[in-house]
Every structure is written in structure tokens, then in C-alpha cells.
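**Student:** got a sequence here, can you model it:
(one chain, ligands or ions: 1)
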Amino acid sequence: MNGGLDPSRLDGAATTEAADPGGMLRQVASSAAQVREAQRAAAEAGVAGLAEDGRPRAIVVAGMGGSGISGDVLAAVCGVGCAVPVSTVRGYRLPGWVGAADLVIAVSCSGTTEETLEVAAEAARRGCRLLFVGGPDSPLADLAARSRGVFVPVRSVGQPRSTLWGLTIPLLLAARTLGLVDVPDAVLESTAERLEDVAYRCRPSSEPFVNPAKRIALELAGDVPLVWGSSALAATAAYRMCCQLNENAKYPGVFGEVPEAHHNQVMAFDGHFTGRAAASSDPDDFFRDRVDDPEHGLHLVLLRDVEEHPQVRKRCEASTEVARDRGVAVTELGAEGTHPLERIATLIALADYVTVYLAIALGVDPTPVPAIQELKARIAER
Ligand SMILES: O=P(O)(O)OC[C@H]1O[C@](O)(CO)[C@@H](O)[C@@H]1O
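**Tutor:** Numbering: from 1, shown residues only. The predicted structure is shown next:
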């Protein structure tokens, strides 16, 4: 499955369908189209009707993996000033405080994920306000019909994780209709245009020296990425990047947010995963012989937002210095645009491409997730 690193796999001519048999690059490139199509789907489903009952006390999004991220993106775009709390439930249990005054949004691309269905069924039993987003002709769609919740059908572009924008835009439109977020149609369109622009710059035929995603993938290959966001919004993109490293590249990724990472994760720079420890000439160095390759160690990936707390900006600069002083490589990815939706979408889009190209450079098929499927099958047998 893993053929080892071969940078030539990212040469423009080589990044073909053979390198990506499941079509993950095509799926990622569909993000802008998803933004546009989801607006039509949400309007046809009657999401605007949610406003009839006024503002909910809270919004709770239930979803797993690439679908659960939609709840985090909603919270990030609504921002700290949001009039009601927005949280994501990843698991089987709906928190005890959630009741009829709250809006529960169940998101599942396949419409079959057991955790999401269990939380949604519990929300229906408690009489919560309900919105369902996901696969048509599915158990989720059946539950929506039985519980008379609003249902937005979403056409999968392949994998749930690459259908992120088809799943997320209906949530943003629900929040908009409830007066909780300012996302005008013009911002949805400018976000789609920015996604198209990232897709163009990161297109398979462009060579690594001009393609930012290919360049960053080659910088990361072999290292253990610590991915830190410089704002709540960038931290959501950082978490997404780690999940995409896992599922697309079958690769580890450690998520963090500045300033919190400065109170714990940064200590890993002083540990044995840094090239410095591995290259130690001290014969008594416990870690010296335990790291195979002193060239490859931790790699700090900083996702920088346009709007950062002034102290966080200083902290990001200091992070870079502290990391480089210890032989830890640093790569920065910057958000583009002004609206929070544009900023998070551009960070996610670039990071998505990085993870797909990392998979290809390593000889890994980005699309299938066999260990996830095996776990599901084993659980179903018990
Ligand atoms: O959107 P769905 O179909 O509920 O799936 C959610 C997540 O579950 C997984 O299939 C893993 O269980 C992920 O790949 C996916 O993002």
C-alpha cells in the first residue's frame, strides 16, 4: 500500500488518475461547485422555514468524521460573538441539557452512521427542533420523515470528507435564517470563487515548484506534523488538516491551537522526536539510537489567520524561533479573504490538497479507508 516517498510522483505529468484511482483530487476540486449546489438544495428543502419558531436556545450538530467537521465550521464562522452556543457532538449520546428549545442538526453524508442516527433519534424523542443533512434514501432520511424534521438531501461527491461544503453550507444557511450569522449570498459566491482559485493553483498538472500544495507535501513527507491554528477559525482548519492527513495520507497529525499549545505541546520540541536528539553525539543520550532518521522529526505547521489576537501573533513568531532553534522544521499556511467563511475555506482547501499530494508522493491511494471499514465490520459482528 505504501510505496515509500517518491517526489517524482508529484511531477505534473505523473499526477494522473493512476496515482489517484479513487479520484480524490477530482473530489477536492469540486468544493466550489458544492457551495453553489448546496444553496439550491437548502432553499428547495425549506431551510428558511426554521425561522418560523424563532431563535433556538442552542445549536447542537451531531456528526462523525468529515461530517462532524461541519459543526465546527459552523461554530467558527458564527464566531465568538454568536448569540447562542454552537457545539458539535461526536458520539452516541445527546447531552442531558439539550431539549425542545434547542435545534439539533444531524449530519451524515451516507445517512447510515450509527452514532449520528442514535443522537438524532434521541433528539426527536426529546422534541428538539430538527434539521437533517445528508444522504437521500437513507436511514437518516427515513428518520427525518418520521420525525417531521427539515431534510436537506446532499449528493456525495465520493467520500463524506470531500463533501464537506455540500454538508456545511445548509448549516450556515440555517444559522443565517435564524439571524445568528451574517453570510450574504455575495460571500457564498466569493468563497466559491476563492475555492476555484485554490483548486487552480493546486491543480494536478502544475509542477511542485509552483504548486503550493505539492511543495508543502514534499516538505512534510517523513516528518510528524504538529498542526497549530492561530485563531479559533484556523484551529478548526488545523483539526481538519490532521483528520485529512489521517484519512487521505494514512499519516499521523497532531492538532493544536495557539496559545494552548504553548502550555503543553511545545515541550515535544525538547524531546527525542527532534532531529537534534537523534543526531546527538552523546553516547549516554537515551534517545540517540532510538530514532531511525535524524533528518526527520517533528514539523510545525502553522495555520495563520488574517485576524489574530495581537498576543497570538507574537506567539506565532516566537513558536517559529523556538522550533527552528531546536531543529524542528516550520511551514506556514495563510488564510485568504476577509469574511470568516472565505478564510476558513481557503485554509481547508489548501490543506486538503497538501494531504492528497502527500498520499500520492508516498504511493498511497488517498480515497479508501480500510482500517475504518474494518473497525465498522468488526463492531457489526459483535
Ligand atoms: O458522513 P457519514 O456517512 O456519516 O460518515 C462520517 C464519517 O465516517 C467515516 O466513514 C468513518 O467512520 C468517515 O470517513 C466519514 O467522514
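
**Student:** what about A261, neighbour count?
**Tutor:** 23 (other Cβ atoms under 10 Å). For glycine as for every other residue, the C-beta is placed from the backbone atoms N, C-alpha and C.

**Student:** right, and it touches W228 too?
**Tutor:** Yes - between A261 and W228 there is a contact under Cβ atoms under 8 Å: 5.1 Å.

**Student:** residues shared between the contacts of the two?
**Tutor:** S319 (Cβ atoms under 8 Å, 6 or more residues apart in numbering).

**Student:** any idea where the strands of the stretch 251-382 of the chain begin and end?
**Tutor:** Using DSSP state E, counting those that start in this stretch, the strands of the stretch 251-382 of the chain run over residues 254-257, 298-304, 329-334.

**Student:** so which of those is the most packed in?
**Tutor:** Among the strands of the stretch 251-382 of the chain, strand 298-304 has the highest mean neighbour count (mean count of other Cβ atoms under 10 Å), at a mean of 24.

**Student:** circling back to that earlier point, I'd like the strands of the stretch 251-382 of the chain written out as a markdown table, with mean pLDDT and distance to the ligand added.
**Tutor:** Converted to a markdown table, the strands of the stretch 251-382 of the chain look like this (pLDDT from 0 to 100; distance: least, Cβ to the nearest ligand atom, whole Å):
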| stretch | mean pLDDT | distance to the ligand |
| --- | --- | --- |
| strand 254-257 | 98 | 16 |
| strand 298-304 | 97 | 20 |
| strand 329-334 | 98 | 22 |
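
**Student:** which residues of this structure lie near the ligand?
**Tutor:** The interface of the chain toward the ligand, taken as Cβ under 6 Å from any ligand atom, is made up of 64-67, 108-110, 113, 116, 160-161, 247, 369, 372.

**Student:** among those, which one lies nearest to R176?
**Tutor:** Nearest to R176 among the residues of the chain next to the ligand: S67, at 20.1 Å, using Cβ to Cβ.

**Student:** what helix or strand does that closest one sit in?
**Tutor:** helix 65-78 (DSSP states H and E).

**Student:** buried residues in the helix or strand just after that helix?
**Tutor:** With elements assigned by DSSP H and E, the helix or strand that comes after helix 65-78 is strand 86-89. Neighbour-count burial for strand 86-89 flags V86, T88, V89 (criterion: 16 or more other Cβ atoms under 10 Å).

**Student:** closest to V150 among those residues?
**Tutor:** Nearest to V150 among the buried residues of strand 86-89 is V86, at 17.4 Å by Cβ to Cβ.

**Student:** now the closest one: closest residue in space, sequence neighbours ignored.
**Tutor:** Nearest non-adjacent residue to V86, counting by Cβ to Cβ, 6 or more residues apart in numbering: A75, 4.1 Å away.

**Student:** OK, contacts around that neighbour?
**Tutor:** Counting by Cβ under 8 Å, 6+ apart, A75 has contacts C82, V86, S87, T88, A232, T236.
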